[in-house]
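*Asks:* Sequence and predicted structure below; questions after.
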Amino acid sequence: MKRLLDVVVCTFVIFLLLNWVVSAIFNEGLRRYFCLRPADVLVVGHSMSEMGIDRNLLEDNLGMSVAKYCMNGAGTADRLVILKHYMESTGSKPKYVIYDISARSFSSGLANNSYSLFYPFMSSSPAVNDYVRNNASMRDYWFKFLIPLTRYDDTRFGAVIRGYRRDWLCKSTRRFAPEPFKEHLKNGDFWKITFEPENMRLFDETLSWLHTQGIVCFLVALPCVDLLNNAEPELYAKSMNFIRTETDKYNNVCFLDMNGEISTQYDLFRDPIHLNKEGQNVTTKKLAETLKPLLLKMNE
């Protein structure tokens, strides 16, 4: 009986050790993917910027170091945590933040449990730990805390691999098909524009926080297809006007609307809101071209 107990205890200890060792390896890959190192420019957003901005290409075109910390499904609350986590982790502030924005930034529809995106960093960041603890159930919190490998899902594991490979390229070559989407629009089957008060409050809180930190923020409306932009014209205008009003409140904030010609080039999109591989290249070059004179003027 004692021998069996010794085997069980030994197996459990080995399991815990392996869990923490492998988790540390995964965590390092994720840190690399999210560029948790000092940089001049920090890109913050969800899947639109994750797929729409090529970190390496932007860095080369701007001639400045660029970090890209974007998570699929990251809403306004998540982005404020991302900013704080980045500064905690690197011990430095970026000079500039590129914050992806759209007419649907204040809508519901992003991940309801987006706090789970931060599970891998809950042991290393006070900001992340507080966010997870305040949103996760007590059971989930302690389960993830004690067994760190459970913090990784398929998406996080994929990011680990890409982090070690230093791969931030969009892989999708799929092209948006406008005709089927027109049917969705006709049936009202698309992501609607709404104005959730908490999202709007957190957006303003983020801009205010960046202002107190002395960080210049570029609110970049990455392109969506014009069919989606025009689906609710009054609400679209209202949302973009709100963004402009918020921009005017802070002298460190600049709004850049990347819609326009790109939004009509359907071959650059994989779906109504995400760019494909070619679209990422075109949009990143256009963004760098737009930012360059602004940055030069700021540095004079």
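*Replies:* Cool, got the structure.
*Asks:* domain ranges for the protein?
*Replies:* 1-30+114-152, 41-109+168-298 (automatic domain parsing).
*Asks:* I'd like to know which of those domains is closest to I161.
*Replies:* The closest of those to I161 is domain 1-30+114-152. By C-beta to C-beta, the value is 6.8 Å. For glycine as for every other residue, the C-beta is placed from the backbone atoms N, C-alpha and C.
*Asks:* unless I'm mixing things up, N27 is touching S125, no?
*Replies:* No - using C-beta atoms under 8 Å, N27 is not in contact with S125, being 11.1 Å away.
*Asks:* what stretches of the chain score poorly on pLDDT?
*Replies:* Low-confidence segments of the chain, defined by pLDDT under 70: 1-16, 109-112, 300.
*Asks:* Isn't D226 up against Q265?
*Replies:* No - judged on C-beta under 8 Å, D226 makes no contact with Q265 at a distance of 9.6 Å.
*Asks:* so what secondary structure elements neighbour the helix or strand harbouring T284?
*Replies:* Assessed by DSSP states H and E, T284 sits inside helix 277-298. With contacts taken as 3 or more C-beta pairs under 8 Å, 6 or more residues apart in numbering; DSSP states H and E, helix 277-298 sits against helix 47-52, helix 55-62, strand 216-221, strand 253-257.
*Asks:* follow-up on the earlier one: who has more neighbours, D226 and Q265?
*Replies:* D226 (18 against 15; other C-beta atoms under 10 Å).
*Asks:* neighbours around the nearest residue to that one once chain neighbours are set aside, how many?
*Replies:* Nearest residue to D226, sequence neighbours excluded (C-beta to C-beta, 6 or more residues apart in numbering): S263, at 4.3 Å. Using other C-beta under 10 Å, S263 has 19 other residues around it.
*Asks:* Spell out the secondary structure type for S263.
*Replies:* helix (DSSP: H, G, I helix; E, B strand; the rest coil).
*Asks:* For it, list the residues it contacts.
*Replies:* Contacts of S263 were listed using C-beta atoms under 8 Å, 6 or more residues apart in numbering, and they are 223-226, 229.
*Asks:* now, which of these lie within helices?
*Replies:* Counted as lying in helices by DSSP state H, out of the contacts of S263, are 226, 229.
*Asks:* most tightly surrounded among the domains of the chain?
*Replies:* Ranked by mean neighbour count, the domains of the chain are led by domain 41-109+168-298 with a mean of 18 (mean count of other C-beta atoms under 10 Å).
*Asks:* residue boundaries of the helices in the chain?
*Replies:* For the chain, the helices defined by DSSP H cover 2-33, 47-52, 55-62, 76-90, 126-135, 138-146, 154-165, 178-186, 197-213, 226-229, 233-249, 277-298.
*Asks:* Show me what the fourth one is packed against.
*Replies:* Contacts of helix 76-90 with other secondary structure elements, assessed using 3+ C-beta pairs under 8 Å, 6+ apart, are made with strand 41-45, strand 66-70, helix 126-135, helix 197-213.
*Asks:* Among those, which comes closest to L117?
*Replies:* helix 126-135 (9.6 Å).
*Asks:* quick check: angle from that closest one to helix 138-146?
*Replies:* 150 degrees (axes from the mean of the first three to the mean of the last three C-alpha atoms, to 10 degrees).
*Asks:* In this structure L36 contacts G91, no?
*Replies:* No - with contacts counted by C-beta under 8 Å, L36 stays clear of G91, the gap being 10.5 Å.
*Asks:* For the closest residue to N61 other than its chain neighbours, list the residues it contacts.
*Replies:* Nearest non-adjacent residue to N61, counting by C-beta to C-beta, 6+ apart: A288, 3.5 Å away. Counting by C-beta under 8 Å, 6+ apart, A288 touches 57-58, 61-62.
*Asks:* from the residues you listed, which is closest to M200?
*Replies:* L58 (28.4 Å).
*Asks:* I'd like to know how far the closest one sits from T247.
*Replies:* 21 Å (C-beta to C-beta, to the nearest Å).
*Asks:* And for R175?
*Replies:* Separation of R175 from T247 (C-beta to C-beta): 33 Å.
*Asks:* likewise M298?
*Replies:* Distance of M298 to T247, given as C-beta to C-beta: 15 Å.
*Asks:* Same question for S92.
*Replies:* From S92 to T247 the distance is 25 Å (C-beta to C-beta).
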